[in-house]
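S.K.: only the shape, not the letters, is given here:
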């Protein structure tokens, strides 16, 4: 697959076997997204009303005082110094601005100063060029590109709080149906939270231009029932299960520059520059969501990442066919 038809791969990946929740800012599925949506509806309603009133008065004036065939050319009676009119166009805009200000302040306060009930999931999201790293510090789990979180029960709210960091340049975390976009800035800590009320796969995007492959820095958030999320956590905390038949590929992997960038728990690979590969095959996608995670795609990605992401920081390793097949077999066994 050449870079010219990468978007077809994205569409294919997005329609994988998990239920896909279409990206739509007008269909919030999380508490902070609902708050932002309600505020947007209020602002839209107020501005639409202003438009209708102003346009209606303008249309009335145009029709009422239009030039007629038998006009004598004299202007209609003029009104000067109307206290009522001046009071109306001063007080009404002030009241409108005050209402919008108070509503916006309330939403900002609710989103930024939300309480953290018992059972809150803590995630550290780190933006890289051009992929996402997710760390669950309380659960001892590290993964990449695909974020798993539990659905929240209305009777017992269970939000997920994210600490947002950047490893290089500016990024922006945005999953439209879960929350508003929040920037990841180098040397600064930002925070946000989500409280999804519906299970499924939610799609997002880095919303801040961060380099040549910004458009291919996709977001995938898997909202799962609590039991399924707990099972995923246990699987991620367990050691990697590599096949014995992949010993050659493991040896090649551990004796090349792969270990300088990637980590595989229980091996000598402890790099921090690239995604953690311990449970690579538990993910649906690779390359930050643009390719389905299959052995064939893995092989082509390792062979030459530039084919899919020109400007990618991962170099082509220059492996021969035998070494490439062995490394691919090893990576495909990491579950």
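M.R.: That came through, no problem. Being a predicted model, the structure only gives us computed values, none of them experimental.
S.K.: make sure residue 299 is indeed in a helix.
M.R.: Yes. Assessed with DSSP: H, G, I helix; E, B strand; the rest coil, residue 299 lies in a helix.
S.K.: quick one: contacts for it?
M.R.: Counting by Cβ atoms under 8 Å, 6 or more residues apart in numbering, residue 299 makes contact with 324-325, 328. Where C-beta positions appear, they are placed from N, C-alpha and C, glycine not excepted.
S.K.: ok, these vs residue 311, which is closest?
M.R.: Nearest to residue 311 out of these is residue 324 (Cβ to Cβ; 22.1 Å).
S.K.: quick one: that closest one and residue 298, what's the gap?
M.R.: 10 Å (Cβ to Cβ, to the nearest Å).
S.K.: and residue 186, by the same measure?
M.R.: 31 Å.
S.K.: please apply the same query to residue 257.
M.R.: 17 Å.
S.K.: what does residue 135 give?
M.R.: 24 Å.
S.K.: neighbour count for residue 186 and residue 298, which is higher?
M.R.: residue 298 (20 against 12; other Cβ atoms under 10 Å).
S.K.: dump the residue contacts of that one.
M.R.: Residue 298 neighbours (Cβ under 8 Å, 6+ apart): 286, 328, 331-332.
S.K.: quick check, pLDDT for it.
M.R.: Model confidence at residue 298, given as pLDDT, is 91.
S.K.: from residue 179, how far out is it?
M.R.: In terms of Cβ to Cβ, residue 298 sits 32 Å off from residue 179.
S.K.: buried sites along stretch 101-120?
M.R.: 107, 111, 114, 120 (16 or more other Cβ atoms under 10 Å).
S.K.: would you check which pair of those residues lies furthest apart?
M.R.: 107 and 120 (20.7 Å).
S.K.: just the strands in the stretch 201-335 of the chain please.
M.R.: 218-224, 285-286, 291-292 (DSSP state E, counting those that start in this stretch).
S.K.: elements contacting the second one?
M.R.: When contacts are defined as 3 or more Cβ pairs under 8 Å, 6 or more residues apart in numbering; DSSP states H and E, strand 285-286 packs onto strand 291-292, helix 295-303.
S.K.: pretty sure residue 56 is in a strand, no?
M.R.: No. Residue 56 sits outside any strand when classified using three-state DSSP, being helix.
S.K.: going forward, the N-terminal residue is numbered 22.
M.R.: Yep, numbering from 22; the last one is residue 77 now.
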